[in-house]
Every structure is written in structure tokens, then in C-alpha cells.
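Visitor: Next one to model:
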Amino acid sequence: MKTKGIKPSKNIIWKKVDNETVLLNKKNGYYYSLDPIGTEIWAYITKGLTVDGIADKITDRYRTTREKAKKDINSLLRNLKKEKIIT
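Guide: Got it, this is the predicted structure:
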């Protein structure tokens with residue numbers, strides 16, 4: 001299952017540090033940090049999961065509804081897209 005049009009920007013490099021992920025936009029020099037759940041979502045994005053697939057994983061792992069998981073995932077994706085971290 002591939003993510004429809006969502007993938008890390010070619011200008012982004014990242015590294016997982018403890019339970020967080022640090023992202024660097026090589027084009028503008030800005031750093032970003034993802035918390036542990038954001039880090040988990042980022043890993044699923046880089047593996048090509050769809051929003052539905054990511055929501056399934058998050059719902060299985062945490063005590064949340066699928067609808068809440070999808071809402072939070074989509075919120076993160078909007079922010080990542082706004083900052084040009086994903087395309």
C-alpha cells in the first residue's frame with residue numbers, strides 16, 4: 001500500500017535521535033523535530049503507508065479511535081506539507 005503522493009521532500013534529511021526525529025531542510029537550513037508519535041508516523045510515511053494504513057497502526061498501538069488517529073495524522077501531514085517537508 002503506497003502513500004498517495006506523500007513522500008519526504010528531496011531537500012529533507014532526517015535522523016532519529018532517541019524517541020524523536022530531527023529533520024533538516026537542506027534548502028533553507030531550518031531544523032524541525034518530531035515527538036515520539038510524530039516519529040512513528042514519519043517512519044510509516046517513509047515506508048510508503050497510506051493515511052489509512054498509518055491510522056490502522058496507530059489505532060492498534062494506542063488507545064484511540066480510527067477517526068481520531070486519522071484526524072491527528074492529517075493535521076501533521078498538513079503541517080509537514082506547509083513546511084515543504086513532504087510533497
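
Visitor: From K68, how far out is S75?
Guide: 11 Å (CB to CB, to the nearest Å). Any C-beta I mention is one placed from the backbone N, CA and C, and that applies to glycine too.

Visitor: Look at these two and report which has more neighbours.
Guide: Neighbours per residue (other CB atoms under 10 Å) separate S75 from K68, with K68 holding more: 13 against 10.

Visitor: Could you pull out the strands in this protein for me?
Guide: 12-17, 20-25, 31-34 (DSSP state E).

Visitor: Give me whichever of those strands is most buried.
Guide: Mean neighbours per residue, mean count of other CB atoms under 10 Å, is largest over these for strand 20-25, with a mean of 17.

Visitor: Return the distance of it from the chain's centre.
Guide: Taking the mean of its C-alpha atoms, strand 20-25 sits 11 Å from the chain's own mean (CA atoms, centre = their mean, to the nearest Å).

Visitor: for it, packing partners?
Guide: strand 12-17, strand 31-34, helix 36-46 (3 or more CB pairs under 8 Å, 6 or more residues apart in numbering; DSSP states H and E).

Visitor: Appreciated, that's everything.
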